[in-house]
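Peer 1: give me a 3D structure for the following:
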Amino acid sequence: MIRARRVRVVATLGPASSEQAQIEALHRAGADVFRINMSHSDHALLRTMVSRIRAVETAVGSPITILADLQGPKLRVGTFADGPVTLTEGATFTLDSDKSPGDDTRVHLPHPEILRALAPGHRLLLDDGKIALKVTEASADKAVTVVTVGGKLSNRKGVSCPDTLIALGALTPKDRSDLEAALDAEVDWIALSFIQRPEDLAEARKVARGRAGILAKIEKPQAIERLDEIIELSDALMVARGDLGVEMPLAEVPILQKRIIRASRAAGKPVVVATQMLESMITAPVPTRAEVSDVANAVYEGADAVMLSAESAAGQYTVEAVTTMDRVARSVEADDSYPAILAAQRIEPDATGADALAAAARQIAETLSVKVIASYTSSGSTVIRVARERPAAQILALCPQIATARRLGIVWGVTCVGASTSRELEDFIAEAGARIVELDMGRTGDRLIAVAGVPLDVPGVTNLLQLAFVRSPDER
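Peer 2: Numbers count the residues shown, from 1 in each chain. Here you go, the predicted structure:
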């Protein structure tokens with residue numbers, strides 16, 4: 001299935017979209033990637049969802065990408081003896097290691113790693129930022145705070161620590177178990193929550209051993225401080241605007257979104273924009289104008305993908321939400337100013353053979369009005385470097401491994417098809433031409449640009465660019 005747009009759409013599966021017929025309807029409406037949220041899925045449900053997605057993949061005849069999103073650490077306060085309490089601005093409130101039920105002066109904080117890391121002046125945000133505290137005294141047993149923003153606080157509400165680097169890994173025991181289950185189910189991407197430092201990616205990479213791409217969710221201020229290092233160690237990024245908006249001033253989130261997208265593009269790493277993109281469509285058949293503008297801005301900024309969460313997982317209008325995403329993206333990409341905006345954001349290629357050839361392929365395609373840049377890729381690296389250039393030409397990836405084709409489904413502008421294992425360049429070019437005609441991407445006699453590594457069966461080598469022609473099967 002070839003899309004009429006370059007930006008990819010990620011749809012989260014859930015109670016409103018878990019049946020195979022619903023998954024197929026979402027895919028046909030425009031969903032390229034399906035997200036399985038492990039916060040709400042056990043291993044049996046994960047396997048069922050993967051099986052259903054693969055059945056849809058067989059039915060439509062094109063690769064579909066699956067993203068398993070790990071829950072990450074959940075930091076919460078303890079319980080209260082007599083139900084919810086009201087914290088008043090200016091009052092003193094203590095979080096401590098005492099496991100007894102709390103009151104309006106104190107509560108148990110069942111996370112000793114937070115107590116050890118807090119220092120005077122640090123902020124604590126409770127219940128998605130509705131309540132704000134400032135630490136005045138800190139020790140390994142308790143943190144005494146002053147309430148700067150008051151409100152009602154009830155059992156097990158979330159805790160955010162925007163100023164504190166917590167000695168806590170990104171993988172909890174549940175996450176490790178979920179990661180193994182997701183890899184066994186052969187998902188294509190693993191999303192990691194609570195990334196604070198590049199080291200947080202190391203354990204997941206060690207377990208995955210290349211069996212799935214590792215996507216780092218940027219949702220904490222500490223990750224912003226070490227963004228370049230995190231990008232270097234990840235395979236893709238997600239702008240997780242929900243948690244980012246809790247721990248940082250809301251006015252900074254759009255600026256950070258642009259920064260993350262541009263940094264990811266510069267590094268040639270796919271980037272997904274997520275959270276509340278079409279939030280009103282959970283209960284309404286049409287989005288707000290502000291939501292449409294939000295989606296459009298992400299497309300204009302050059303994001304690889306935009307994501308639906310509750311809209312497709314639990315909403316009343318799941319297909320309509322995907323259709324809206326598709327329609328907005330296509331409208332932006334049809335705008336005459338869109339190519340110029342992408343070009344203005346383009347940076348110079350890195351001093352590598354792959355980047356030099358990818359940039360040259362884009363330039364030649366523009367000069368000669370070539371419609372398709374084709375690549376034979378076993379690892380996907382060549383195609384990702386071409387996509388980094390955001391060419392006007394369509395990008396066709398011939399993948400001898402289905403796992404590579406599935407993983408590339410999150411990358412901007414890439415159409416993936418299976419390919420026969422080949423060692424000869426001429427065979428690849430002939431097969432690329434046949435696929436171009438078959439997919440109606442061009443006609444016999446059209447020029448195509450071939451980018452590949454020779455020998456073809458050696459992954460990670462990009463050393464060839466050739467201008468060729470689409471030939472009919474009898475000319476092969």
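Peer 1: and A181, how far from R407?
Peer 2: 19 Å (CB to CB, to the nearest Å). Yep, even glycine has a C-beta here, placed from its N, CA and C like the rest.
Peer 1: more neighbours, the two?
Peer 2: R407 (26 against 19; other CB atoms under 10 Å).
Peer 1: quick one: that one from P110, how far?
Peer 2: For R407, the distance to P110 - CB to CB - is 38 Å.
Peer 1: chain center to stretch 41-57: distance?
Peer 2: 19 Å (CA atoms, centre = their mean, to the nearest Å).
Peer 1: need the CA coordinates for it. CSV is fine.
Peer 2: Extracted C-alpha coordinates of stretch 41-57, given in CSV (Å, rounded to 0.1, in the frame of the first residue of the first chain):
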residue,chain,number,x,y,z
SER,A,41,-1.4,-4.6,28.2
ASP,A,42,-0.3,-7.9,29.6
HIS,A,43,1.8,-10.4,27.6
ALA,A,44,-1.2,-12.4,26.4
LEU,A,45,-2.9,-9.2,25.0
LEU,A,46,0.4,-8.1,23.5
ARG,A,47,0.7,-11.4,21.6
THR,A,48,-2.9,-11.2,20.5
MET,A,49,-2.5,-7.6,19.2
VAL,A,50,0.7,-8.5,17.3
SER,A,51,-1.0,-11.6,15.7
ARG,A,52,-4.0,-9.5,14.6
ILE,A,53,-1.7,-6.8,13.1
ARG,A,54,0.2,-9.4,11.2
ALA,A,55,-3.0,-10.9,9.9
VAL,A,56,-4.0,-7.4,8.6
GLU,A,57,-0.5,-7.1,7.1
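Peer 1: how about that stretch: buried residues?
Peer 2: S41, L46, T48, M49, V50, R52, I53, R54, V56, E57 (16 or more other CB atoms under 10 Å).
Peer 1: so which residues make contact with that stretch?
Peer 2: Stretch 41-57 has contacts (CB atoms under 8 Å, 6 or more residues apart in numbering) with 13, 18-20, 23-24, 27, 34, 36, 38, 63-64, 66, 68, 177-178, 181-182, 185-187.
Peer 1: okay, now the unreliable bits of the protein?
Peer 2: Where the chain drops to pLDDT under 70, the residues are 422, 457, 460, 472-476.
Peer 1: check which helix or strand I341 maps to.
Peer 2: Using DSSP states H and E, I341 sits in helix 338-345.
Peer 1: pull that helix out as PDB, backbone CA atoms only.
Peer 2: Output of helix 338-345 as PDB, limited to C-alpha atoms (Å, rounded to 0.1, in the frame of the first residue of the first chain):
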ATOM      1  CA  TYR A 338       6.100  22.900   2.100                       C
ATOM      2  CA  PRO A 339       9.200  21.900   0.100                       C
ATOM      3  CA  ALA A 340      10.800  25.300   0.700                       C
ATOM      4  CA  ILE A 341      10.200  25.000   4.500                       C
ATOM      5  CA  LEU A 342      11.800  21.600   4.600                       C
ATOM      6  CA  ALA A 343      14.700  22.800   2.500                       C
ATOM      7  CA  ALA A 344      15.300  25.800   4.800                       C
ATOM      8  CA  GLN A 345      15.700  23.300   7.700                       C
END
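Peer 1: give me the buried positions along that helix.
Peer 2: In helix 338-345, counting by 16+ other CB under 10 Å, buried: Y338, L342, Q345.
Peer 1: same deal with stretch 7-15?
Peer 2: Buried-residue list, stretch 7-15, by 16+ other CB under 10 Å: V7, R8, V9, V10, A11, T12, L13, G14.
Peer 1: need the buried residues of helix 338-345 in CSV with distance to P455, can you?
Peer 2: As requested, the buried residues of helix 338-345 are exported to CSV (distance: CB to CB, whole Å):
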residue, distance to P455
Y338, 38
L342, 33
Q345, 35
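Peer 1: and these, which is closest to A240?
Peer 2: Nearest to A240 among the buried residues of helix 338-345: Q345, at 21.7 Å, using CB to CB.
Peer 1: V85 versus that closest one, what's the distance?
Peer 2: For Q345, the distance to V85 equals 49 Å [CB to CB].
Peer 1: just S280 next, same as before
Peer 2: 33 Å.
Peer 1: same question, A263
Peer 2: The value you get for A263 to V85, if CB to CB is used, is 42 Å.
Peer 1: contact partners of stretch 396-408?
Peer 2: 63-66, 186, 188-189, 212-213, 372-380, 383-384, 414-422, 428, 431-432, 435-436, 439, 441, 457.
Peer 1: what do you get if the cut-off is 6 Å, keeping everything else the same?
Peer 2: With CB atoms under 6 Å, 6 or more residues apart in numbering as the test, stretch 396-408 has contacts from 63, 65, 188, 213, 372, 374-378, 380, 383, 414-416, 419, 421, 432.
Peer 1: just the buried ones from those?
Peer 2: Using 16+ other CB under 10 Å, the buried ones in these are 63, 65, 188, 213, 372, 374-378, 380, 383, 414-416, 419, 432.
Peer 1: packing partners of the helix or strand just after the helix holding I341?
Peer 2: Using DSSP H and E, the helix or strand that directly follows helix 338-345 along the chain is helix 353-368. Contacts defined by 3 or more CB pairs under 6 Å, 6 or more residues apart in numbering; DSSP states H and E place helix 353-368 against helix 381-388, strand 447-452, strand 464-469.
Peer 1: okay, the angle between helix 353-368 and strand 464-469?
Peer 2: Angle, helix 353-368 to strand 464-469, by axes from the mean of the first three to the mean of the last three CA atoms, to 10 degrees: 30 degrees.
Peer 1: for helix 353-368, buried residues please.
Peer 2: Applying 16+ other CB under 10 Å to helix 353-368 flags A354, D355, L357, A358, A359, A361, R362, I364, A365 as buried.
Peer 1: domains of the protein?
Peer 2: Domain assignment for the chain, taken from automatic domain parsing, gives 8-73+169-338, 85-160, 348-475.
Peer 1: redo those domains as TSV? Include distance to I2.
Peer 2: TSV is the format used below for the domains of the chain (distance: least, CB to CB, whole Å):
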stretch	distance to I2
domain 8-73+169-338	8
domain 85-160	41
domain 348-475	5
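Peer 1: and T79, which of those is closest to it?
Peer 2: domain 85-160 (4.4 Å).
Peer 1: how far does that closest one stretch from start to finish?
Peer 2: Using CA to CA, to the nearest Å, one end of domain 85-160 lies 19 Å from the other.
Peer 1: before we move on, the earlier item: so which of the helices and strands packed on helix 353-368 gets nearest G302?
Peer 2: Nearest of those (CB to CB): helix 381-388, 9.9 Å.
Peer 1: where's Q276, which helix or strand?
Peer 2: Using DSSP H and E, Q276 falls outside every helix and strand.
Peer 1: just want the phi and psi numbers for it.
Peer 2: phi 60, psi 30 (degrees, to the nearest 10).
Peer 1: swap in A208?
Peer 2: Dihedral angles (degrees, to the nearest 10) for A208: phi -70, psi -40.
Peer 1: distance check, it against I66.
Peer 2: On the measure of CB to CB, A208 and I66 end up 14 Å apart.
Peer 1: who's more crowded, the two?
Peer 2: I66 (25 against 18).
Peer 1: list the contacts of that one.
Peer 2: F34, I53, V187, D188.
Peer 1: just give me the neighbour total for the closest residue to E89 other than its chain neighbours.
Peer 2: Setting aside the residues directly before and after it, E89 is nearest to G150 in space (CB to CB, 6 or more residues apart in numbering), at 4.3 Å. Look at G150: counted by other CB under 10 Å, it has 17 neighbours.
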